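Student: Sequence and predicted structure are below.
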Amino acid sequence: MSGGTHRMRASFRLGVRIIGLIVLGSCLVSGQSATATIVGVVRDTSGALVPGVSITAKHVDTGLTRGCEH
């Protein structure tokens with residue numbers, strides 16, 4: 001095998017590895033999101049809907065809270 005052919009194959013393999021790492025890295029990053037949605041209803045012990053409730057969600061690590069009233 002000539003030196004030029006060996007270098008071309010080595011360059012090709014390196015290029016394939018770099019592209020693979022970029023694709024893998026972008027797949028891992030795209031799985032993260034900065035938003036979320038919580039959906040549900042509040043019922044009493046008889047199963048009836050409870051009107052006018054306040055709901056608060058708290059991130060236990062940061063203490064950040066978000067709430068809503070309906």
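Tutor: It's in.

Student: Output the below-cut-off pLDDT ranges for this structure.
Tutor: Along the chain, the parts satisfying pLDDT under 70 run over 1-4, 23-33, 70.

Student: got the contact list for stretch 49-65?
Tutor: For stretch 49-65, contacts defined as Cβ atoms under 8 Å, 6 or more residues apart in numbering pick out Ile38, Val41, Val42, Arg43, Asp44, Arg66, Gly67, Cys68, Glu69, His70. C-beta here means a position set from N, CA and C on the backbone, and glycine is covered the same way.

Student: Could you verify that Leu21 is part of a strand?
Tutor: No - according to DSSP: H, G, I helix; E, B strand; the rest coil, Leu21 belongs to no strand; its state is helix.

Student: Now the two most distant members of the contacts of stretch 49-65.
Tutor: Asp44 and Arg66 (24.0 Å; Cβ to Cβ).

Student: State the number of residues packed around Asp61.
Tutor: Asp61 has 6 neighbours, counted by other Cβ atoms under 10 Å.

Student: Same question for Lys58.
Tutor: Neighbours around Lys58, by other Cβ under 10 Å: 11.

Student: ok, now Gly67?
Tutor: Around Gly67 there are 9 other residues, counting by other Cβ under 10 Å.

Student: Check Gly40 too.
Tutor: The tally of other residues near Gly40 (other Cβ under 10 Å) stands at 6.

Student: For this protein, which segments count as helices?
Tutor: Secondary structure of the chain (DSSP state H): helices at 3-29.

Student: Between Asp44 and Arg66, point out the one with more neighbours.
Tutor: Arg66 (11 against 8).

Student: Distance of that one relative to His6?
Tutor: Plainly put, Arg66 is 60 Å away from His6 if you go by Cβ to Cβ, to the nearest Å.

Student: about what we covered before: could you dump the contacts of stretch 49-65 to CSV with distance to Ile55?
Tutor: Formatted as CSV, those follow (distance: Cβ to Cβ, whole Å):
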residue, distance to Ile55
Ile38, 8
Val41, 10
Val42, 7
Arg43, 13
Asp44, 15
Arg66, 9
Gly67, 6
Cys68, 6
Glu69, 8
His70, 8
